[in-house]
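Participant: Got a sequence here, can you model it:
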Amino acid sequence: MDKSFHYLLMVTQSLFQRKVFSNLADTDLTIGQPKILDYLGKHNGSMQKDIANGCQIDTATLTGLLSRMEEKKLIVRKMENNNRRSSYVYLTDKGRESLNIVNSTFNQVEKEVLHGINPEDVDTFMNVLYKICSNMTNLEELQ
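Facilitator: Numbers count the residues shown, from 1 in each chain. Got it, this is the predicted structure:
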């Protein structure tokens, strides 16, 4: 296996996503939706542009994802303060149920893939990965 940074990062992301979706096979969630549910779990009632920034998804892709999530009754979009240009996105009860499944899946997969790695190494790795991520994007967008 190639040990270059770019290769390991791409392969790790692909393998992690495959493992997550294998565990979510019984749901009707599609790629991109767990990330949005996770974001809304921390920032319910966000504007679409904030979700796009927080999830690192372009706005055109996000619009399609949110439409499909709205059709599945996972989210609802609302205008606030009669501002037609700003749409706020909220989880529905069904969306919160799906978020619980997603969170459980994320926790399970993280536990599996970090098994056998000492906690200090995990902590160091997470700090380095966070710094790498901050080098690639504006950090406020990730929070």
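Participant: centroid residue for the chain?
Facilitator: With distances taken as CA atoms, centre = their mean, Lys35 lies nearest the centre of the chain, 1.9 Å away.
Participant: OK, contacts around that one?
Facilitator: Contact analysis of Lys35 by CB atoms under 8 Å, 6 or more residues apart in numbering lists Cys55, Ile57. Heads up, the C-betas are built off the backbone N, CA and C, glycines and all.
Participant: Which of the helices or strands spans it?
Facilitator: helix 33-42 (DSSP states H and E).
Participant: What confidence value was assigned to the residue nearest to the centre of the chain?
Facilitator: On the pLDDT scale, Lys35 is placed at 96.
Participant: Check Ser98 too.
Facilitator: 97.
Participant: re the thing from before, what's the offset of the helix holding Lys35 from the middle of its chain?
Facilitator: For helix 33-42, the separation from the chain centroid amounts to 5 Å (computed by CA atoms, centre = their mean, to the nearest Å).
Participant: Check stretch 121-133 too.
Facilitator: That offset, for stretch 121-133, works out to 18 Å (CA atoms, centre = their mean).
Participant: Over to stretch 85-99?
Facilitator: What separates the centre of stretch 85-99 from the centre of its chain is 14 Å, taken as CA atoms, centre = their mean.
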